[in-house]
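In: starting from these lines, generate the structure:
(2 chains)
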Amino acid sequence: MRREVPLTITAIVGFTLIIAYFVPHAPFSDVRDLFSDWFMVIAAFAIYLGILNLLKINVDKVYKKRPGWGFSIVTILGFFLFVYIGIREGRDFGEFGTRYYWLYDRIYYPLMAAMFAILAFFIASASYRAFRARNLEATILLLAAFFVMLGRVPIGYYLTTWLPEGWRMGNIADWIMDFPQTAGQRAVMIGIALGIVSTSLRVILGIERAFLGGE
Amino acid sequence: MHLTPDIGIWIGGLLTLGIFSFLYGDNPYYKFCEALFIGVSAGHWFVTLFWTVFVAKMIRNVEIGLNTFITQGFSAGMADYMHWSYIFGGILGFLMLLRLFPKIGWISRWSLAFVVGTTSGYYFITYLVSNGLRQIQRTILPLYVHGDFYTTIGNLIIIVGTFCGLTYFFFSKEHKGTFGGLARLGIWFLMITFGASFGYTVMSRMSLLIGRMDYIFGTWLGMLG
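Out: Numbers count the residues shown, from 1 in each chain, chains lettered A, B, ... in the order given. Down below sits the predicted model:
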């Protein structure tokens, strides 16, 4: 029961979706649509599982007055504020002008954007370490990043206006993106495809069972 | 300088500053904003999934399916399996929550198996077609384009670069001699790709940073224009 049922489910679902690609008619097309919607429902429950776990950990922290329990109260209050307003607003909760939109625009979005923007500073320090031309490979990486970055901003254009058309920073960046970058990207993509295809087949055939855990 | 009277923008500005205060070092102001961000993110996803998945997909379809049973009878209801069968999706999803109970947590593997099976079946085809076959097809290019030196060189670079890049990923043979040389050339192409990707990542983060600075100095403090 603990192993056979999950392996059977994986095999049936996996093969059905593969067959649905080659036989895009009912009942396979219907089942494919149904499975993809069920997938979304299960994925939503999986996220809910994570949210419940987050709440459990934070409530536990507050209850036992562990260090930083005050911040856990902020997390819990923030969560319930959004849930309360979002559920009360109804289906159109995200529409412009609703109370939920106000909360999203004034609290969630600034926090999210700032959190991602702060990475600019860390990425700058990472660039300093990564872009030192220690060997040929690092030099190529440095040059590609240099041309692409400078070729996409106005200063790159102004610095090279004296050069003939086609040799300016923007043109060089375009050429890098169109040819050598595409070649490398394509090799990576084909490599990923081969890896995913073989792993998927192993999972569907029940050879790869790591997702079932250790028991 | 023209400070905005909008309380919402003040909140947004202060929260942005709180996150940026981490650059000075870990501090209670940052921790407060971080804790709030975790809570509101969880809340936002809870609400979004509730309305877009549970209500719009599951509850609505089950409702339609049950209505068919009630209004048109059993056989018509059974035939409308595209609606009522969403209940199975709900059951599988609910089983996922059993992970919270250690004794019966193993049942959640059934839902996980469904997710793994769906992903495998879907990715098997999509990656094979879009990332594999289509990319190979696009690499099969003419080696010489009459009267177009630029395209000829470009095509050669794409063909050689893709082949050498793939050679680098082939680990069943030792990277020595001619094979090693091709693999090394492949590394150079991969380095160009990674450099370009890194450049784009830096640019996108910088763009976000500029956006935040515009919010603080323009929208909030009114110091710009």
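
In: run through the helices of chain B in chain order.
Out: For chain B, applying DSSP state H gives helices covering B:7-20, B:28-49, B:60-72, B:74-79, B:81-84, B:86-97, B:108-126, B:134-139, B:149-168, B:177-214.

In: out of these, which comes closest to residue A:160?
Out: For residue A:160, the closest of the helices of chain B is helix B:177-214, at 16.7 Å, according to CB to CB. For glycine as for every other residue, the C-beta is placed from the backbone atoms N, C-alpha and C.

In: list the residues that contact residue 69.
Out: You didn't say which chain, so I picked chain A. By CB atoms under 8 Å, 6 or more residues apart in numbering or on different chains, the contact list for residue A:69 reads A:61-62.

In: not quite, I wanted chain B
Out: B:76-77, B:80, B:84.

In: look at it and report its pLDDT.
Out: pLDDT for residue B:69: 90.

In: repeat for residue B:225
Out: So residue B:225 comes in at 69 (pLDDT).

In: so how far is the helix or strand hosting residue A:86 from its chain's centroid?
Out: In this assignment (DSSP states H and E), residue A:86 forms part of helix A:69-89. Offset of helix A:69-89 from its chain centre (CA atoms, centre = their mean, to the nearest Å): 24 Å.

In: who does the next helix or strand after it touch, helix- and strand-wise?
Out: Going down the chain from helix A:69-89, the next helix or strand is helix A:99-103, by DSSP H and E. With contacts taken as 3 or more CB pairs under 8 Å, 6 or more residues apart in numbering or on different chains; DSSP states H and E, helix A:99-103 sits against helix A:69-89.

In: mean confidence for the helix it packs on?
Out: Averaging pLDDT along helix A:69-89 gives 96.

In: mind listing what's buried in it?
Out: A:71-72, A:74-76, A:78-79, A:81-83, A:85-86, A:89 (16 or more other CB atoms under 10 Å in any protein chain shown).

In: near chain B too, which of the residues you listed?
Out: A:71-72, A:74-76, A:78-79, A:81-83, A:86 (CB under 8 Å from any CB of the partner chain).

In: need these in JSON lines (columns: distance to residue B:131).
Out: Output for these, formatted as JSON lines (distance: CB to CB, whole Å):
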{"residue": "A:71", "distance to residue B:131": "43"}
{"residue": "A:72", "distance to residue B:131": "43"}
{"residue": "A:74", "distance to residue B:131": "43"}
{"residue": "A:75", "distance to residue B:131": "39"}
{"residue": "A:76", "distance to residue B:131": "42"}
{"residue": "A:78", "distance to residue B:131": "39"}
{"residue": "A:79", "distance to residue B:131": "38"}
{"residue": "A:81", "distance to residue B:131": "42"}
{"residue": "A:82", "distance to residue B:131": "37"}
{"residue": "A:83", "distance to residue B:131": "39"}
{"residue": "A:86", "distance to residue B:131": "37"}
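
In: and after the helix or strand of chain A with the lowest mean pLDDT, which helix or strand comes next?
Out: Ranking every helix and strand in chain A by mean pLDDT, DSSP states H and E puts helix A:119-130 at the bottom, with a mean of 83. Next in sequence after helix A:119-130, counting helices and strands by DSSP H and E, comes helix A:136-151.

In: re earlier: and the least confident helix or strand of chain A with helix A:136-151, angle?
Out: 140 degrees (axes from the mean of the first three to the mean of the last three CA atoms, to 10 degrees).

In: while we're on residue B:144, how confident is the model there?
Out: 91.

In: apart from its neighbours in sequence, what residue is nearest it?
Out: Computed as CB to CB, 6 or more residues apart in numbering or on different chains, the closest residue to residue B:144 that is not its neighbour in sequence is residue B:152, at 5.5 Å.

In: what about residue B:59, neighbour count?
Out: Neighbour count for residue B:59, taken as other CB atoms under 10 Å in any protein chain shown: 14.
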